[in-house]
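Peer 1: This is a predicted model, with the sequence first.
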Amino acid sequence: MVSPLRAVRTALSWMTVLPVGTGSDAEETPDRAVGGAVMSALPVVGIVVGAAAAALAFGVSFTDLPTALIGVLVVVLTAALTRGMHLDGLADTADGLGCYGPPERIAEVMRSGTVGPFGVATLVLTLGVQAAGSTGLVGESRWYELAFAIALGRLGAVVGTRRSISPAHPNGFGALVAGTQRLSIPVWGLLAAVATVPIGLRDNGFDAAAVVQALVVVLAVVVFAWVFTRHCARRMGGLNGDVLGATIELGVALALVGLLI
C-alpha cells in the first residue's frame, strides 16, 4: 500500500521539474502499485502547476507586457515545469494516429524519436489554443479559472487509466499505470465539480450560470478523455504514456475554450 504522501511526492517527482526527492524510495524499481498511486495523485500535480501559472500571470499583469504575451508565458511555464513531456506525448500520439497503420506500425512511428507533420501541426494548433485561451482569461483577471483549467486537464489522464483499458506494451510508463484507476475517477470528478463553485463568486453576488458552465466543462473534459483514450487504445492495441500526455494537453485546451465560451 502506497501512502498518500508518497504518492503525491512521487507524482511531483515524476511529472515536474520541482526538486521533490523521493528519499529511500528513489532506489526502488517502480511497480504498478506505485504507478497507480501516482496516477491517483496526478490532479495534485495539476493544482500545483496551475497555481504556479496563475501566480505568474497575476504577477506579470502588473507590468506593461501585452496580455497576449502573458498568455504565451503561461504556456511556456507549464511546459517548463513538466519538462515538456506532455507535449512530446501529444506530438508522438498525433504522428501515431496519423500513420493509419496497424498497432505495430503505430508503435514504430511513436518510438522513432522524430516529429512528423501531424505532430508539428497538432503541437502548433494546441499550443495556439492554450495561449489564446490563457490570454482571454488573463485579460479578464480570471486567475482562479486559469489554474482550474490547467488542473482539470490532469483529470483526463486519470480517466485514461481506468480499469477497462490495458497497456499497449509490457514495459514503459503505460505498463505501470494503465488499468489502475477506479475509485479515484469519481472522487476527483466530484472534487472538480465542487471546485467550480468559486467560479461563480462575483463582486455583485453569485453567478450560478458561470458554475453551470464550468460543470459542463468538467463533464466535457471527462467525456473527451474517455472517448479519446478508448480510441487510442483501440488503434494502438492498448494505452501508453504518450497518449496520457496528449490527453492532458488537449484537455487543458478544451477546458480553456469551454470557460471562455
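Peer 2: Structure received.
Peer 1: which stretches of the chain aren't confidently modelled?
Peer 2: Residues of the chain meeting the criterion pLDDT under 70: 21-28.
Peer 1: how about the strands in it?
Peer 2: 201-202, 205-206 (DSSP state E).
Peer 1: What is the first one packed up against?
Peer 2: Translated: strand 201-202. Strand 201-202 sits against no helix or strand, with contacts defined as 3 or more Cβ pairs under 8 Å, 6 or more residues apart in numbering; DSSP states H and E. All C-beta spots, glycine's among them, are computed from the backbone N, C-alpha and C.
Peer 1: now the last one
Peer 2: Secondary structure elements in contact with strand 205-206, counted by 3+ Cβ pairs under 8 Å, 6+ apart, are absent; no helix or strand qualifies.
Peer 1: Relative to it, what are the paired strands and their orientations?
Peer 2: As defined by DSSP bridges, the strand partners of strand 205-206 come to strand 201-202 (antiparallel).
Peer 1: List of residues touching the strand it pairs with?
Peer 2: Residues outside strand 201-202 that contact it (Cβ atoms under 8 Å, 6 or more residues apart in numbering): 207, 210.
Peer 1: rewinding a little: could the strands of the chain go into a markdown table alongside distance to residue 34 and mean neighbour count?
Peer 2: What follows is the strands of the chain, written out as a markdown table (distance: least, Cβ to Cβ, whole Å; neighbours: other Cβ atoms under 10 Å):
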| stretch | distance to residue 34 | mean neighbour count |
| --- | --- | --- |
| strand 201-202 | 38 | 10 |
| strand 205-206 | 42 | 10 |
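Peer 1: Compare these and give me the one nearest residue 37.
Peer 2: Among these, strand 201-202 comes nearest to residue 37, with 33.5 Å by Cβ to Cβ.
Peer 1: number of nearby residues for residue 179?
Peer 2: 18 (other Cβ atoms under 10 Å).
Peer 1: so it touches residue 229, yeah?
Peer 2: No - counting by Cβ atoms under 8 Å, residue 179 sits too far from residue 229 to count as a contact (11.3 Å).
Peer 1: how about residue 173, what does it touch?
Peer 2: 35, 240, 241, 244.
Peer 1: Determine which two of the residues you listed are furthest apart.
Peer 2: Comparing all pairs in these by Cβ to Cβ, the longest separation belongs to 35 and 240, at 12.8 Å.
Peer 1: ok, the two, which is more surrounded?
Peer 2: residue 240 (28 against 22).
Peer 1: For the more buried one, give me its contacts.
Peer 2: Per Cβ under 8 Å, 6+ apart, neighbours of residue 240: 110, 167, 168, 169, 172, 173, 174, 178.
Peer 1: I'd like the distance between the first one and residue 237.
Peer 2: Applying Cβ to Cβ, to the nearest Å, the value for residue 110 to residue 237 is 12 Å.
Peer 1: swap in the fifth one?
Peer 2: As for residue 172, its distance to residue 237 is 13 Å (criterion: Cβ to Cβ).
Peer 1: Please apply the same query to the fourth one.
Peer 2: The gap separating residue 169 from residue 237 is 8 Å, by Cβ to Cβ.
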